[in-house]
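S.K.: sequence plus the predicted model coming up.
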Amino acid sequence: MLTIRAAARLLASADTLQSARSLAFEIGFTDPSAPLAVESYHDLGIHELVASAQIVRGSGSMRLLVATALTPAGSEESTRDSTRSLCAKLVRHAPAQLWCVILIHCHRDIVCIAAPSPGQRGVRVAALQVDRGRVTDSDAETLRSLAEVEEQSPVLRHARFVDILSRDAISGRFYTALDNAVKCLAATAVGKASSEERHELALLCSSRCLFLAFLEAKGWLDGDRNFLLRHSTSQLEAGGRLHERLFRPLFFGTLNTPSAQRAPASQRFGVVPFLNGGLFSPTRLERLRHTLRFSDDALVALIGDVLDRFRFTAREDSISWTEAAVDPEMLGRAFECLMESDERRRSGSYYTPPTLVSQVVTDALESVLDSVPNALLHEILSDHDSVHDSVHDSVADLSAHQR
């Protein structure tokens, strides 16, 4: 059985085709690999996407492409887009095979394990995208799950791979870990407050920390993807009291304060954005229960069991991509479930699912599409980085309908 530590080592060391073969072996592709002939790159339509590649036969019609990405350093094309393009080419040019992919992005220290599947609106890719310099426990758990697939039927085996690599596969683990962390914060807090108030304040603190986890994933907290862990460790070594000496100064003296107005003590956090949306402003309940403090142990558990254990991504699921990571949609659903029903009704805090957002976007675009120049439509459709996939797909569908 593949252990968490061994799985993490395999992911961290997957920087060449040879080392990636160890990953392939663990997930059931045990046949010898075969280098692709030059003409095969063109036959599969991948000659502009990969620098080198090998094919490994799997059960029945299953095939694994192990490749290094051709995306040059400095390119604005995201690793997600290049992985998605590669998978779409394979499905289009060799539809009789059930494809899996291990794609190594050498210049970005990223390895991606993906399983594409065709659908009515194009190819959908389920993927585990790992930063080899920071392999999380959830990354290793996903690889372990792939290694434990027992289905012998190629169709069922490939379907299991798709399920394991999708976002929903880690949802249950994430919600459980978050729920436990919130309960621990509330139960161990010191200070005068009712149980309902403790829960509300614990949920608020957790929501702020999780929001920061998404900023970390973007590299927006002093360019440090381990920002919270590093500062928490430093404060514990300096005597602890994380709530008073780390989180409150970070929330209210830094994130809620324009850079030019920050106190000298806030400068130790480095380049941290000013967020004026209200999330980092003290609430009425916080001002009322300002003496309440969360314990160091509970805050460490929140960081270690939730923030540092799971991979976070700022991009949501779409019809063409799902990822074994925590995305903003999961966060919205989690906090709607964890909030007390009375508080949810009082504050109007209800999560809006992407399907409803997509419908609103579609209706809005439909009403103005006739007046949009074709050149602008083309620009919108080609800009994957700045336009959410649901908007992109809505524009594409409506544009085709108009034509």
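M.R.: Alright, I've got the coordinates.

S.K.: next secondary structure element downstream of the host helix or strand of Arg144?
M.R.: Using DSSP states H and E, the element containing Arg144 is helix 137-147. As assigned by DSSP H and E, the chain's next helix or strand after helix 137-147 is helix 154-164.

S.K.: gap between the two ends of stretch 124-144?
M.R.: For stretch 124-144, the first-to-last residue distance is 23 Å (Cα to Cα, to the nearest Å).

S.K.: next one: stretch 183-199
M.R.: Using Cα to Cα, the two ends of stretch 183-199 sit 7 Å apart.

S.K.: dead centre of this protein: give me the residue that sits there.
M.R.: Taking Cα atoms, centre = their mean, the centroid of the chain lies closest to Thr313, which sits 2.6 Å from it.

S.K.: buried set for stretch 146-166?
M.R.: Neighbour-count burial for stretch 146-166, counted by 16 or more other Cβ atoms under 10 Å, picks out 146-147, 149, 154, 157-162, 164-166. Glycine gets a C-beta too; all of them are placed from N, C-alpha and C.

S.K.: which of these sit farthest apart?
M.R.: Pro154 and Ser166 (18.8 Å; Cβ to Cβ).

S.K.: what segments of the stretch 101-250 of the chain are helices?
M.R.: 137-147, 154-164, 168-188, 195-218, 227-237, 242, 248-250 (DSSP state H, counting those that start in this stretch).

S.K.: burial measure for Ser85, as a count.
M.R.: Neighbourhood size, Ser85 [other Cβ atoms under 10 Å]: 18.

S.K.: now do the helix or strand harbouring Arg287: which elements does it pack against?
M.R.: Here Arg287, judged by DSSP H and E, is contained in helix 284-288. Packing partners of helix 284-288 (3 or more Cβ pairs under 8 Å, 6 or more residues apart in numbering; DSSP states H and E): helix 195-218.

S.K.: average pLDDT across the helix it packs on?
M.R.: Averaged over helix 195-218, pLDDT sits at 93.

S.K.: can you pull the buried residues of that helix?
M.R.: Within helix 195-218, the residues scored as buried using 16+ other Cβ under 10 Å are 197-217.

S.K.: got the angle for that helix vs helix 227-237?
M.R.: In terms of direction (axes from the mean of the first three to the mean of the last three Cα atoms, to 10 degrees), helix 195-218 departs from helix 227-237 by 120 degrees.

S.K.: contacts only, for the closest residue to Asp308 other than its chain neighbours.
M.R.: Residue nearest to Asp308 in three dimensions, not counting chain neighbours: Leu229, with 5.6 Å by Cβ to Cβ, 6 or more residues apart in numbering. By Cβ atoms under 8 Å, 6 or more residues apart in numbering, the contact list for Leu229 reads Ile303, Leu307, Asp308.

S.K.: out of the residues you listed, which is most surrounded?
M.R.: Leu307 (24 neighbours).

S.K.: that one touches Phe211, doesn't it?
M.R.: No - shown here, Leu307 and Phe211 do not form a contact pair, counting by Cβ atoms under 8 Å, at 10.8 Å.

S.K.: Arg241: neighbouring residues, count only.
M.R.: By other Cβ under 10 Å, 14 other residues sit near Arg241.

S.K.: name the residues of stretch 87-105 that are buried.
M.R.: 87-91, 94, 97-105.

S.K.: and that stretch, what's its mean pLDDT?
M.R.: Stretch 87-105 comes out with an average pLDDT of 97.

S.K.: how close does Ser153 sit to Gly58?
M.R.: 12 Å (Cβ to Cβ, to the nearest Å).

S.K.: do the same with Ser320
M.R.: 24 Å.

S.K.: per-residue confidence at Glu316?
M.R.: Looking at Glu316, the pLDDT reads 82.

S.K.: pretty sure Arg167 is touching Arg315, no?
M.R.: No - Arg167 is beyond contact range of Arg315, at 10.6 Å (criterion: Cβ under 8 Å).

S.K.: so what's the residue lying farthest from the centre of the chain up against?
M.R.: What lies farthest from the middle of the chain is Lys192; by Cα atoms, centre = their mean that is 37.3 Å. Contacts for Lys192 (Cβ under 8 Å, 6+ apart) come out as Arg289, Thr291, Leu292.
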